[in-house]
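[1] Give me the fold of what follows.
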Amino acid sequence: MRLALVSAILLLGAAQPVLAAPAVSEVKVSIGPKLAEKVKDIGQRDFDILASQLQRAVERRLPPRPGGGTLELVIEDAKPNHPTPQQMGNTPGLSYQSFGVGGARIGGRYVDPAGKSTPIAYSWWETDIRWARYGSTWHDAEDAFDRLADRLAKDQFDDGSKPRR
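    Numbering: from 1, shown residues only. Here you go, the predicted structure:
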């Protein structure tokens with residue numbers, strides 16, 4: 001009897017993060033106004049890539065379910081690890097061999113089916129340049145998106161930090 005009780009408690013504890021995830025029926029992703037001002041530098045193509053990568057990361061961890069709320073995410077800032085094609089076209093001598101640390105800051109809100117709004121704030125910026133050379137253009141931003149998606153799946157909407165640059 002005692003073993004069955006302990007097993008049941010452990011199973012409930014293991015299932016809790018899955019039960020805590022919000023029900024999402026739609027994910028909307030947009031580019032924030034400050035980041036959108038950099039369209040001539042970064043390029044619209046890369047903004048479209050960022051938006052689709054964030055949407056894909058979130059929907060992978062929170063598959064859309066009928067009757068759920070709406071998740072509205074805004075990419076407020078993002079920095080690439082390698083120059084974008086637009087940046088290389090704007091700056092002669094810049095090459096894809098150039099690299100640096102990147103990341104992203106995402107804000108937004110979750111609106112549940114009853115209309116209650118919960119703010120979302122998350123940012124993650126890489127601090128170690130050693131691996132930047134080997135990743136894709138938006139590798140660190142993709143990591144930020146994956147980390148946010150993990151938090152959303154665990155119902156942790158805010159990282160508790162102030163936005164960093």
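[2] check contacts around the residue nearest the centre of the chain.
    For the chain, residue 145 is the residue whose C-alpha lies nearest the centre (C-alpha atoms, centre = their mean; 2.2 Å). Shown in contact with residue 145 (C-beta atoms under 8 Å, 6 or more residues apart in numbering): 53, 54, 57, 58, 104, 106. Glycine gets a C-beta too; all of them are placed from N, C-alpha and C.
[3] so who does the residue nearest to residue 95 when sequence neighbours are not counted touch?
    Nearest non-adjacent residue to residue 95, counting by C-beta to C-beta, 6 or more residues apart in numbering: residue 88, 6.9 Å away. By C-beta under 8 Å, 6+ apart, the residues touching residue 88 are 94, 95, 96.
[4] Now residue 88: which helix or strand?
    helix 85-90 (DSSP states H and E).
[5] ok, back up a step: contacting residues around the closest residue to the residue nearest to the centre of the chain other than its chain neighbours?
    Nearest residue to residue 145 in three dimensions, chain neighbours excluded: residue 57, at 4.1 Å (C-beta to C-beta, 6+ apart). Contacts here follow C-beta under 8 Å, 6+ apart; on that basis residue 57 touches 142, 145, 146, 148, 149.
[6] Please apply the same query to residue 92.
    Applying C-beta under 8 Å, 6+ apart to residue 92 gives no contacts.
[7] Break down the chain into its helices, ranges please.
    2-20, 33-36, 39-42, 44-61, 85-90, 139-153 (DSSP state H).
[8] re the thing from before, how near is the residue nearest to residue 95 to residue 113?
    To residue 113, residue 88 is 45 Å away according to C-beta to C-beta, to the nearest Å.
[9] so where's the chain shaky on pLDDT?
    Counting by pLDDT under 70, the chain shows low-confidence ranges at 1-20, 157-165.
[10] tell me what the longest strand seen in it is packed against?
    Longest strand in the chain by number of residues (criterion: DSSP state E): strand 69-79. Packing contacts for strand 69-79, counted by 3 or more C-beta pairs under 8 Å, 6 or more residues apart in numbering; DSSP states H and E, involve strand 24-31, helix 33-36, helix 44-61, strand 103-111, strand 117-125, helix 139-153.
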